[in-house]
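Engineer: Fold the following and give me the result.
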Amino acid sequence: MYVSLADVQIRREEEINRNPLSTSEGEIALTPTEILYQAMLPNLSQYMISLLKILLAAAPTSKAKTESINIMADVLPEDMPMTVTQSTKLGIDVSRHKEITVKAVSAILLLYLKHFKINHIYQFEFMSQHLVFANCIPLVLKFFNQDIMSYVGSKNVIPIMDFPACVIGEQPELTSETMIIGDSAPYSWRNVFSCINLLRILNKLTKWKHSRIMMLVVFKSAPILKRTLKVRHALMQLYVLKLLKMQTKYLGRQWRKSNMKTISAIYAKVRHRLNDDWAFGNDLDARPWDFQAEECALKSGVDRFNNRRYLQAHNGILAGIEGLDYDDPIEAIGGFGNTTGAGGPGGVGGGGGDGVNGGAGTGGTGAGMLAANGGHGGAGGGGGTNVGMGGVNERGNACYGGLSRKAEEIELSEEFKQNSNCGCNRKCTTTIL
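Structural biologist: Reported below is the predicted structural model:
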C-alpha cells in the first residue's frame, strides 16, 4: 500500500519525540529549499503578510486606501498624459501591471508551498499556518467574488508593443487603430494562470484540515466557487470542484438537492477514494472545538520540530514562532558548559564552570563524599547536578536537544552536613532540576 512522504515524515518526528536520546535525526541535507527555509524562518510571518498585502493591493476588486501598499509607483509617470491615446495606453499599462503582480505573487506562494512540502511536511504546515492566520482564505475568496468571466476575458495588452512584435520590423505609430491590430486571443492567459494558482493555494491550505474547511463554509464560498465554474477551462474547473467536494458534507442535504449538476460534475471529474463519504457522510457528532483541538495539535508538532531542528541555529530566538505553549520558558537548547571547575583542597570537588547558551557547567572532580555544586547554566539553562562519589555529574534536562529548565536550589539538613564531613564553612546547598 502506498504511504505518502508526509506520513513517513510525521511518524519519524513522533518517534524522535518519544525517544530523543536513542533516535537520531541524522544529517540534514542542505538542499536549496532547506537553506531558504532556515533563512526565512525567523521572519516568515512578516514575509507572508507582505506578500498578501501586495496581492490585496493588486486585486481587481480592491479600492485604493491610504494605508495600502502603493504598487503603482513604478508605473505612473511624473507628467499626466495629455492625449486620449496616452491616457488609454496608461490605463492599459496600469491594469497590466496589476495582472503581472497577481501572477507573480500567486506563483511565488504556490512554489513555496510545493517545495516546502517536498522538503518536509512540517515546513509546509508552518507556512500554511501563517498564511491562514494572515487571512489568506478570505482574501482569495474575495478575489474570486467578482465578475470572473470579465476578468478572465480582459485584454489589457497592446499587441504591437508586446514581445516579439516590439522588436521585429518597423514600429508603427501608436494610434487608436493600431492598438487593436493582432489582438485575437480569446482570453487572458495571464489571468487564467493567476486564478488557477490561487485555487491551488486554497486547496493546499484546506485539504484534510476540518477547521479550515469550516472556514470555507462560514465565508460562504460555495456560491462564489460555483460562479467560477462558468469559466470553461478544464484545469480551473477541476480545482474548483475539489474545493466544493471537501465542504459538501457540511453544506447540508438541501444544498446537495438543489445542486445536483455540481454533484454530478464532482463525481465525473474529481478522483475519489474507496471509502470516500464526501457526499453523504454527515459527521453529526463533531463539534467546532474538536476541529480546534486538531489544529492545536498540529501547531504543537510544528513548534517542536522547529525548536529541535532550528533553535540553536538562530541563537535560541525564533521570532517567527508564536504561541509556544510549554510549562517553562524556552530560551535556549542545553549544551555543555565552557569551563570546568577545578577540584578544591580536602577532597572536595570545585564548583562547575558556567554554561554557554543554556549549557550546564561540568562539576569539578574530587575525592570527597559529595562533589560541589554544578555551575549555573547560561541563559535559560539549568545548572549541572553534580551529586555522588568523586564528583559524578549529571546534566539532567540540559542535555543536547532537550528543553532547558531553570535550576532550583535546596538547603541541606544539618544532619546531612555533619555526616558529609566536607570540611567547608560555607552554606552547603545542592542543585536540582
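Engineer: OK, contacts around Ser221?
Structural biologist: Leu141, Leu243, Gln247 (Cβ atoms under 8 Å, 6 or more residues apart in numbering). No exception for glycine: its C-beta is placed from N, CA and C like everyone else's.
Engineer: repeat that for 7 Å
Structural biologist: By Cβ atoms under 7 Å, 6 or more residues apart in numbering, the contact list for Ser221 reads Leu141.
Engineer: cool, the one 5 residues further on as well?
Structural biologist: Lys226 sits next to Thr262 when contact means Cβ under 7 Å, 6+ apart.
Engineer: tell me the SS of it?
Structural biologist: Reducing the assignment at Lys226 to three states with DSSP: H, G, I helix; E, B strand; the rest coil gives helix.
Engineer: what about it, distance to Leu243?
Structural biologist: As for Lys226, its distance to Leu243 is 10 Å (criterion: Cβ to Cβ, to the nearest Å).
Engineer: go on, Ser22?
Structural biologist: 43 Å.
Engineer: Give me the average confidence score over the biggest helix by length in the chain.
Structural biologist: Longest helix in the chain by number of residues, with DSSP state H as the criterion: helix 84-119. The predicted model assigns helix 84-119 a mean pLDDT of 91.
Engineer: ok, now stretch 207-220?
Structural biologist: Per-residue scores along stretch 207-220 average to 94.
Engineer: Adjust the sequence numbering to begin at 58 for everything that follows.
Structural biologist: Done: numbering now begins at 58, and the last item shifts to stretch 264-277.
Engineer: List the buried residues in that stretch.
Structural biologist: Lys266, His267, Ser268, Arg269, Ile270, Met271, Met272, Leu273 (16 or more other Cβ atoms under 10 Å).
Engineer: Relative to Leu166, how far out is the first one?
Structural biologist: Relative to Leu166, Lys266 is positioned 17 Å away (criterion: Cβ to Cβ).
Engineer: Please apply the same query to the third one.
Structural biologist: When Cβ to Cβ is applied, the distance between Ser268 and Leu166 equals 20 Å.
Engineer: where does Thr140 fall, phi/psi-wise?
Structural biologist: In terms of degrees, to the nearest 10, the main-chain angles of Thr140 are phi -110, psi 170.
Engineer: one step back: so which elements touch the longest helix of the chain?
Structural biologist: Contact here means 3 or more Cβ pairs under 7 Å, 6 or more residues apart in numbering; DSSP states H and E; on that basis helix 141-176 packs against helix 89-97, helix 101-115, helix 178-190, helix 246-263.
Engineer: Can you tell me which of those is nearest to Ile73?
Structural biologist: helix 178-190 (11.6 Å; Cβ to Cβ).
Engineer: For the helix or strand following the closest one, buried residues please.
Structural biologist: Per DSSP states H and E, the first helix or strand lying C-terminal to helix 178-190 is helix 193-201. By neighbour count with 16+ other Cβ under 10 Å, helix 193-201 contains the buried residues Cys193, Ile194, Leu196, Val197, Leu198, Lys199, Phe200, Phe201.
Engineer: will you turn those residues into a markdown table that also has pLDDT and distance to Leu262?
Structural biologist: Converted to a markdown table, the buried residues of helix 193-201 look like this (pLDDT from 0 to 100; distance: Cβ to Cβ, whole Å):
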| residue | pLDDT | distance to Leu262 |
| --- | --- | --- |
| Cys193 | 97 | 7 |
| Ile194 | 97 | 6 |
| Leu196 | 96 | 11 |
| Val197 | 97 | 9 |
| Leu198 | 97 | 12 |
| Lys199 | 95 | 15 |
| Phe200 | 96 | 14 |
| Phe201 | 96 | 14 |
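Engineer: Most widely separated two among those?
Structural biologist: It's Cys193 and Phe201 that sit farthest apart of the buried residues of helix 193-201, by Cβ to Cβ, at 13.0 Å.
Engineer: Leu147 contacts Met139, correct?
Structural biologist: No - between Leu147 and Met139 there is no contact under Cβ atoms under 7 Å: 10.9 Å.
Engineer: which one of the two has more residues nearby?
Structural biologist: Neighbours per residue, other Cβ atoms under 10 Å: of Leu147 and Met139, the larger number sits with Leu147, 15 against 8.
Engineer: ok, the closest residue to the more buried one other than its chain neighbours - how many residues close by?
Structural biologist: In this structure, Leu147 finds its nearest non-sequential neighbour in Pro138, 5.3 Å apart by Cβ to Cβ, 6 or more residues apart in numbering. Neighbour count of Pro138, defined by other Cβ under 10 Å: 13.
Engineer: Could you give the backbone dihedrals for Pro138?
Structural biologist: The phi/psi pair for Pro138 (degrees, to the nearest 10) is phi -60, psi 150.
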